[in-house]
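1. fold the following.
(one chain, ligands or ions: 2)
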Amino acid sequence: MTITTIIDNPEWLLMLLAPLFIALMLAEYWLGQRGGRLPDNSAYHWPEVVCNFTLAGMHQLADLVTGLLIVQLYLWLFGWRWFEIEMSIGNFLLLLVLQDFCYYWFHRASHRVRWMWAAHVTHHSSERMNFSTAFRQSLMYPIAGMWLFWVPLVIIGFEPKWVVFAVLLNLGLQFFVHTQWIRSLGWLEWVFNTPSHHRVHHGHNPQYIDKNYAGVLIIWDKLFATFEPEVEPVRYGVTKPVNSFNPLVVTFSEWQRLLLDLRAKGLTWPQRLRLLFAPPRD
Ligand SMILES: [Zn+2]
Ligand SMILES: [Zn+2]
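-> Numbering: from 1, shown residues only. Ligands and ions are numbered 1, 2, ... in the order given. Here you go, the predicted model:
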């Protein structure tokens, strides 16, 4: 398999990384649960692990189905591109940095816009943190509008298949920050999103809420004043726990709450619209 094969079939990237994901989860399980060397809230609680894997499967399926439509839209928009960009190593690195910048804004919007939070809350509703938490994803991301955030890259002139590859590579790399195994990565903490920075992102301690939105580079949080270092032990999860390991409940409970709020008596249509775009209630 060559790099060209992966670029032409970017969805293979996550499958190629799968053996590494599994090996690391097994190692973390042995070290934590068998060796007792990790905190209790890093435990592999089997109903939750099964839920996390099911959510990953549902997310992949939704991405495969909607991905076909989204790529068609990208190809159409690519017809209006501003620049002709030849894919060299320099331009590939530029694409990775720009995509990571767009990811920061996608992720920030996912926390600050109720409509997008309804999808993203799935990733945050676990009260544990281990590598399997990375698999908690929502099948509703295409509805929430994740694909919109990569449109500027296509308009600039990056070929859609490279953009999709950059998106999946970014998501794949984020697997490695979902762990309590690594305390600190030294000087890398200054530049990159690390397990320590991402643990903060999953915390509901008041000072940790809506902080560290980074995908790969933590510099965006430092530039846009959303950075918070890990000081106090992190309490994982959201302020209103979902209390379920049923993947359907985990996926749709916030959508259900949003719908109830929208149907409240006495609301005007402009108020309803504002509610969709306002920050989440908790
Ligand atoms: Zn988040
Ligand atoms: Zn995460």
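
2. helices of the stretch 1-150 of the chain, start to end?
-> Taking DSSP state H, counting those that start in this stretch as the test, the helices found in the stretch 1-150 of the chain are 3-8, 12-29, 46-78, 89-112, 114-124, 141-144.

3. which one of the ones you listed is the most hemmed in?
-> Of all these, helix 114-124 has the most neighbours on average by mean count of other CB atoms under 10 Å, namely a mean of 22. Any C-beta I mention is one placed from the backbone N, CA and C, and that applies to glycine too.

4. what mean pLDDT would you report for it?
-> Helix 114-124 comes out with an average pLDDT of 97.

5. check which helices and strands that helix sits against.
-> Where contact means 3 or more CB pairs under 8 Å, 6 or more residues apart in numbering; DSSP states H and E, helix 114-124 is packed against helix 89-112, helix 141-144, helix 247-262, helix 269-277.

6. other residues contacting it?
-> 55, 107, 109-111, 133, 136-138, 140-141, 143-146, 202, 237-238, 242, 250-251, 254-255, 258, 275-281 (CB atoms under 8 Å, 6 or more residues apart in numbering).

7. from the residues you listed, which would you call buried?
-> Listed as buried from the contacts of helix 114-124 are 55, 107, 109-111, 133, 136-138, 140-141, 144, 146, 202, 237-238, 242, 250-251, 254-255, 258, 275, 280; burial here means 16 or more other CB atoms under 10 Å.

8. can I get the helices and strands packed on helix 114-124 in JSON lines with distance to Y208?
-> Output for the helices and strands packed on helix 114-124, formatted as JSON lines (distance: least, CB to CB, whole Å):
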{"stretch": "helix 89-112", "distance to Y208": "12"}
{"stretch": "helix 141-144", "distance to Y208": "23"}
{"stretch": "helix 247-262", "distance to Y208": "20"}
{"stretch": "helix 269-277", "distance to Y208": "24"}
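
9. show me the one of those that comes nearest G172.
-> helix 89-112 (12.2 Å; CB to CB).

10. for the closest one, which helices and strands make contact with it?
-> Taking 3+ CB pairs under 8 Å, 6+ apart as the contact cut, helix 89-112 packs with helix 114-124, helix 151-156, helix 160-173, helix 219-223.

11. and these as TSV, adding distance to A18?
-> Below are those laid out as TSV (distance: least, CB to CB, whole Å):
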stretch	distance to A18
helix 114-124	19
helix 151-156	26
helix 160-173	10
helix 219-223	28
